[in-house]
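Asks: test case, fold it:
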Amino acid sequence: MEDCYKVLGVERDATLAEIRRAYRKRVKELHPDASGNPETSEQFRRVVRAYEILTDSQTRKIFDSSLEEIFRRKKRKAWDYREWLLARDDDESRARLVIFDLMHGKESEAVQEYKRVRTERASFTLRRWFTKEEFMDYGFILSEELSLRGEYYDAAMLLCQIIELEKKYEYFRLFFPEVMDFFHSIMRNHIEGKISDELALDFFENALELRLGRTDDAFILRKMGEIYARIGDTRTSKICFDEADRISVVD
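Replies: The predicted model follows:
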């Protein structure tokens, strides 16, 4: 849509008198009979059309509304936060892209990006770029999406970080049992046989550091013992089983 104000050379808040004055000036400049240049005919018609629109209060109101909507669209298009994040490759931008997609209906894209960056950058972490509260909220939602897609190791490792923070800051409080139920479900049902022994050991070692209690710690140690036995490290396997038996004894 052509901007009638620009055609006449006036501001958007121009008065009717200013519009008429500008129109008369432009007509004198562009009228084919006065200018002697037939190529000005199209410009002349545009000026007449713009004048007709802006001197009628109703059509001007409709035109102003349409023009405002175009400006709003251009402004939105001019600043696309997601496109801005996509164009950047630093860790903070990638972390914020993951969470932006996660919270804007692009869960699959968020999981895919999180997996990609985690694979390519061993030191990458979401935790660094958000407040404790933000990380715990976003991290739990992301862990759910990861679990739904069978990415149990990444889901479990996020939950380990959340549990560690909760033990220090008690952010989730009443909601925390739900976090623990989810964690236990993954730990007991979706680690053994679902991920490699190497990743399983890494997870169980992190989980053991959380000191979740005798029952959980004994379970973790026995699973570690089974893995070590499976990979041929019988000495470490025995240590794990012996420690599991020791802490299972109630004083």
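Asks: could you list the low-pLDDT ranges of the chain?
Replies: 32-40, 75-78, 250-251 (pLDDT under 70).
Asks: show me the residue at the heart of the protein, geometrically.
Replies: Nearest to the geometric centre of the chain sits F100, at 1.4 Å (C-alpha atoms, centre = their mean).
Asks: so where does that one fall, helix or strand?
Replies: Element membership for F100, per DSSP states H and E: helix 91-102.
Asks: for that helix, what is the distance to the chain centroid?
Replies: 5 Å (C-alpha atoms, centre = their mean, to the nearest Å).
Asks: then the next helix or strand after that helix to PDB, C-alphas only?
Replies: Downstream of helix 91-102, the next assigned helix or strand under DSSP H and E is helix 107-120. Coordinates of each C-alpha in helix 107-120 appear next as PDB, following Å, rounded to 0.1, in the frame of the first residue of the first chain:
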ATOM      1  CA  GLU A 107       9.700 -28.300  22.300                       C
ATOM      2  CA  SER A 108      11.200 -30.600  19.700                       C
ATOM      3  CA  GLU A 109      13.500 -27.900  18.400                       C
ATOM      4  CA  ALA A 110      14.500 -27.100  22.000                       C
ATOM      5  CA  VAL A 111      15.400 -30.700  22.700                       C
ATOM      6  CA  GLN A 112      17.300 -31.000  19.400                       C
ATOM      7  CA  GLU A 113      19.300 -27.900  20.000                       C
ATOM      8  CA  TYR A 114      20.100 -28.900  23.600                       C
ATOM      9  CA  LYS A 115      21.300 -32.300  22.500                       C
ATOM     10  CA  ARG A 116      23.300 -30.800  19.700                       C
ATOM     11  CA  VAL A 117      25.100 -28.200  21.800                       C
ATOM     12  CA  ARG A 118      25.700 -30.700  24.700                       C
ATOM     13  CA  THR A 119      27.300 -33.100  22.200                       C
ATOM     14  CA  GLU A 120      29.500 -30.500  20.600                       C
END
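Asks: what sits against S93?
Replies: By C-beta atoms under 8 Å, 6 or more residues apart in numbering, the residues touching S93 are L85. C-beta here means a position set from N, CA and C on the backbone, and glycine is covered the same way.
Asks: which parts of the stretch 1-150 of the chain are strands?
Replies: In the stretch 1-150 of the chain, no strands are defined using DSSP state E, counting those that start in this stretch.
Asks: can you give me the helices for it?
Replies: Secondary structure of the stretch 1-150 of the chain by DSSP state H, counting those that start in this stretch: the helices cover 4-8, 16-30, 32-35, 41-54, 57-78, 81-86, 91-102, 107-120, 132-148.
Asks: in JSON lines: these, plus distance to E198.
Replies: JSON lines is the format used below for the helices of the stretch 1-150 of the chain (distance: least, C-beta to C-beta, whole Å):
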{"stretch": "helix 4-8", "distance to E198": "66"}
{"stretch": "helix 16-30", "distance to E198": "76"}
{"stretch": "helix 32-35", "distance to E198": "83"}
{"stretch": "helix 41-54", "distance to E198": "72"}
{"stretch": "helix 57-78", "distance to E198": "47"}
{"stretch": "helix 81-86", "distance to E198": "32"}
{"stretch": "helix 91-102", "distance to E198": "25"}
{"stretch": "helix 107-120", "distance to E198": "14"}
{"stretch": "helix 132-148", "distance to E198": "18"}
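Asks: on that earlier part again, I'd say the residue nearest to the centre of the chain and W84 touch.
Replies: No: in this structure, F100 is not within contact of W84 by C-beta atoms under 8 Å, at 10.1 Å.
Asks: which residues touch the residue nearest to the centre of the chain?
Replies: F100 neighbours (C-beta under 8 Å, 6+ apart): 81-82, 85.
Asks: make a markdown table out of the residues you listed and add neighbour count and distance to F135.
Replies: Output for those, formatted as a markdown table (neighbours: other C-beta atoms under 10 Å; distance: C-beta to C-beta, whole Å):
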| residue | neighbour count | distance to F135 |
| --- | --- | --- |
| Y81 | 11 | 20 |
| R82 | 14 | 20 |
| L85 | 21 | 18 |
